[in-house]
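> I would like to see how this sequence folds:
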Amino acid sequence: MTDSALLASLLERVQLLEDKAAIHEVLTAYGPAVDAGDAEAVGELWAEDAVYDVDIRLMEGRDAIMKMVRTRPHQDYIEEGCGHLLDPVHIRVDGDTAVATCYSLLLRRNADSDSFRVWRVSANRFELARIDGSWKIVRRTSRLLDGSTAARDLLASARR
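Numbering: from 1, shown residues only. Model (predicted):
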């Protein structure tokens with residue numbers, strides 16, 4: 001391998017590592033932002049025309065996603081005590097687009113027993129794009145792990 005080929009290979013590998021780290025930062029920023037009720041911080045993670053497809057609801061556009069953070073049901077979760085956890089994340093990068101697959105857990109506090117329970121466990125597929133030099137979520141598809149093929153198919157797509 002020539003020096004220039006080696007340098008090109010190393011630069012490509014470093015770029016891939018930097019992209020994966022940046023994507024991981026975007027995805028892991030979601031939980032703290034949404035649990036803080038910070039709609040603006042949540043909105044910064046998404047593309048303007050993003051889609052958030054949860055098995056119980058479809059949100060189209062950054063504004064709709066930010067509105068969800070401000071809703072009474074979501075605010076009730078925060079006020080009662082909750083935690084949105086995303087990880088571990090499997091990330092595939094292809095140039096200026098990427099796909100990340102992971103589990104998400106929503107923990108909710110039981111005030112009467114001063115404990116937490118896992119309230120929801122979902123399979124998630126994030127489609128991301130590099131927009132103006134930053135990684136943004138373009139689409140999130142989330143399916144409850146209830147034994148359905150939809151959730152299993154979503155997890156299986158991590159390898160494709």
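
> did I read that right, His90 in a strand?
Yes - secondary structure of His90 (DSSP: H, G, I helix; E, B strand; the rest coil): part of a strand.

> what is the mean pLDDT for the strand or helix carrying Thr101?
Per DSSP states H and E, Thr101 falls inside strand 97-110. Mean pLDDT, strand 97-110: 97.

> the most centrally placed residue in the chain and Ala111, how far apart?
Centroid-nearest residue in the chain: Leu27, 4.3 Å away (criterion: CA atoms, centre = their mean). To Ala111, Leu27 is 29 Å away according to CB to CB, to the nearest Å. Where you see a C-beta, it was placed from the backbone N, CA and C, and this is true even at glycine.

> repeat that for Thr149.
Separation of Thr149 from Ala111 (CB to CB) stands at 36 Å.

> the strand holding Thr101: which residues count as buried?
For strand 97-110, a neighbour-count test (16 or more other CB atoms under 10 Å) marks 98-109 as buried.

> quick one: average confidence on the one helix or strand Arg117 maps to?
Using DSSP H and E, Arg117 maps to strand 115-131. For strand 115-131, mean pLDDT is 97.

> which strands and helices lie in contact with the following helix or strand past it?
Scanning forward in sequence from strand 115-131 by DSSP H and E, the next helix or strand is strand 134-144. Taking 3 or more CB pairs under 8 Å, 6 or more residues apart in numbering; DSSP states H and E as contact, the helices and strands that strand 134-144 lies on are helix 3-36, strand 46-54, strand 115-131, helix 149-156.

> strand 134-144 to strand 115-131, inter-axis angle?
140 degrees (axes from the mean of the first three to the mean of the last three CA atoms, to 10 degrees).

> ok, strand 134-144: who's next to it in the sheet?
strand 46-54 (parallel), strand 115-131 (antiparallel) (DSSP bridges).
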